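> Using only what follows, build the 3D model:
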Amino acid sequence: MGAETAEIILVNASTVFIEGKFKPDTYVVISHDRITQVGVGSQWRSHVSKNTEVVDCDGGTLLPGFIDTHCHPMAMALMHSYIDCKERQIVSLEDLASAVTPMSGASEWIRVANYPSDSLHSMHLDCHRLDSVTQSAPLLLIDDTGQTCIMNSEALKRTGINHGPDALAAANYGLNLRGIFTGNDKRVSDCVPPLSETEIEAGVRALNRKLLSFGITSVHDTSWTNGLDSWRRYNAYKQAGILTPRVQMMAGAQLLDQFVAEGLSSGYGKDGLCLGAAKIAVDELLGTEQPDAAIVEFYIRKALDHRFQLSLHTGSSYLLKMALEVLDSLASDGHPLLWPIRFEHCPVCPPSLWNKLHGNGKVLVMQPALFYEFSIPEAELTQQGAAESWYPIKSLLEAGISVAFSSDAPLGILNPLTGIYVAWTRNTCHAGSVYKSESIGLECAIDLYTRAGGYLDLSNSQKTGQIASGMKADLVLMDRDFSCIDPKGLLDSRVNLTLVDGKLVAF
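Okay, the predicted model is just below:
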């Protein structure tokens with residue numbers, strides 16, 4: 001390579017993460033959007049020209065940009081206009097009242113997210129108790145699972161949601177009268193005024209800064225509600241330059257016809273936006289934990305017929321077993337299965353299913369940060385007979401099963417270092433250390449948040465997630481040496497700079 005082609009050279013990193021290992025005394029040369037050379041020692045000096053920017057890494061660690069293969073970016077952007085209980089450490093109504101007080105004189109809606117579900121249930125929270133927070137403004141509260149929302153009396157009054165024949169016919173009418181709504185209740189989204197475009201765009205800009213500050217250079221939007229409007233919205237944000245990381249957006253399986261009518265299928269896209277898999281989440285679509293296998297098969301066949309990658313929502317062992325049985329049936333019929341097949345979540349993965357998950361392009365997309373926040377004590381798991389099934393990451397890898405890491409933010413913690421920390425230590429937020437025998441090494445955990453995500457990248461032919469010549473120059477520089485770091489030091493680490501497409505990006 002001629003020196004005149006070097007636009008950026010990264011030097012003086014204590015270690016660089018290459019092929020799943022920390023390598024010392026290594027430099028990286030970038031031209032345009034690609035890594036053009038990875039070398040050792042001081043040979044980088046021969047590539048310097050008058051137009052080259054030499055970046056001193058000052059003893060930090062250079063990693064591939066993190067790839068969050070399962071998250072909900074637009075939900076995170078919308079939450080910019082919410083009071084985020086997790087971010088503000090709100091755990092009680094008293095805490096919430098303190099946060100709401102400066103706003104409660106206004107007539108605009110007050111939106112609250114991530115309220116602790118255990119607190120919500122233990123104190124039997126309903127509209128009347130929310131009235132103690134504010135009576136003058138309509139308040140909508142969503143718990144940290146995203147499955148329950150509660151309105152105060154003013155919100156119920158403004159929406160009129162409990163009036164009319166549809167309200168009386170609702171299965172949960174008794175709960176609704178107390179302002180409690182569960183699952184995917186369309187009446188809530190229809191009745192609560194949406195955020196303005198200005199508010200949404202402000203949220204996207206805030207999200208962009210947050211992603212880059214955590215070194216996340218690619219996100220996969222796995223929302224099962226994504227339709228053509230979602231695709232067009234992402235296009236607009238990309239064209240406006242307000243969303244820097246790469247976006248791979250899944251299409252809701254029940255909305256595939258919208259994409260097919262436009263001639264779109266998995267892998268289509270440009271300018272950092274790609275259409276991903278068909279998200280098949282029949283349990284959430286129908287509001288049942290055990291959907292009929294025939295319905296799942298219908299959506300799988302439809303996705304394959306229109307050349308969509310498969311993403312199967314498998315949040316329980318029942319859903320995982322059913323999905324595998326449907327796929328086996330299709331394969332025996334000679335139905336071609338396209339691309340890596342994604343199994344989302346899989347927190348419980350019984351050994352009896354591992355032989356069906358081995359090989360053939362199957363990937364478990366797991367969220368160790370959810371293990372950190374929502375895990376239960378080891379003794380209780382053992383009593384339930386789940387000892388070999390609860391996030392058995394090390395055993396899955398040893399069995400030759402492919403795994404990729406992600407956050408499921410905003411439900412889970414967005415910062416990839418949290419997920420990496422949990423996979424490395426098996427430490428949890430409330431339940432102590434859970435099945436420490438399933439911990440994996442730090443290098444392996446980083447690999448599952450980088451290279452493994454690149455394998456699922458449909459737009460760049462697996463050219464992301466690694467530091468090597470010819471790969472996309474998506475990189476993150478951490479503030480310390482990861483080759484000799486301890487778990488606390490990992491959690492304390494910060495991003496010094498992020499590069500996307502070979503460009504240093506501000507956050």
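
> Closest to the centroid, which residue in this protein?
Within the chain, the residue whose C-alpha comes closest to the C-alpha centroid is C71; the distance, by Cα atoms, centre = their mean, is 2.1 Å.

> Show the contacting residues for it.
For C71, the contacting residues are V219, H220, D221, T222, S406, S407, D408, A409, L414, taking Cβ atoms under 8 Å, 6 or more residues apart in numbering as the criterion. Bear in mind the C-beta positions are built from the backbone N, C-alpha and C, glycine included.

> Looking at those, spot the one nearest V422.
Taking Cβ to Cβ as the measure, S407 is the one of the contacts of C71 closest to V422, at 11.1 Å.

> Check the secondary structure at the closest one for me.
Remark: S407 carries the secondary structure label coil [criterion: DSSP: H, G, I helix; E, B strand; the rest coil].

> Equivalent analysis for V16, please.
Using three-state DSSP, the structure places V16 in strand.

> Distance of it relative to S459?
The gap separating V16 from S459 is 25 Å, by Cβ to Cβ, to the nearest Å.

> just M250 next, same as before
Counting by Cβ to Cβ, the separation of M250 from S459 is 13 Å.

> Mind checking which of these two has more residues around it?
Neighbours around M250 and S459, counted as other Cβ atoms under 10 Å, are more numerous at M250. The numbers are 27 against 21.

> what about that one, which SS state?
In three-state terms, and counting by three-state DSSP, M250 is strand.

> ok, now which ones touch it?
M250 makes contacts with H220, D221, T222, S223, W224, N226, G276, A277, A278, K279, S311, as judged by Cβ under 8 Å, 6+ apart.

> same deal with Y455?
By Cβ under 8 Å, 6+ apart, the residues touching Y455 are P340, V363, S402, A404, Q462, G465.

> C-terminal to the helix-or-strand element of the chain with minimal mean pLDDT, which secondary structure element comes first?
Taking mean pLDDT, DSSP states H and E as the measure, the helices and strands of the chain show their lowest mean at helix 165-169, namely a mean of 62. Following helix 165-169 in sequence order, the next helix or strand is helix 173-177 (DSSP states H and E).

> how about that next one as PDB, C-alpha atoms only?
What follows is the C-alpha trace of helix 173-177 in PDB, where atoms were taken according to Å, rounded to 0.1, in the frame of the first residue of the first chain:
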ATOM      1  CA  TYR A 173     -62.100  -4.800  31.700                       C
ATOM      2  CA  GLY A 174     -61.800  -5.100  35.500                       C
ATOM      3  CA  LEU A 175     -58.100  -4.200  35.400                       C
ATOM      4  CA  ASN A 176     -58.700  -1.500  32.800                       C
ATOM      5  CA  LEU A 177     -61.100   0.200  35.100                       C
END
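
> List the buried residues for that helix?
Within helix 173-177, the residues that qualify as buried by neighbour count (16 or more other Cβ atoms under 10 Å) are N176.

> average pLDDT for it?
For helix 173-177, mean pLDDT is 80.
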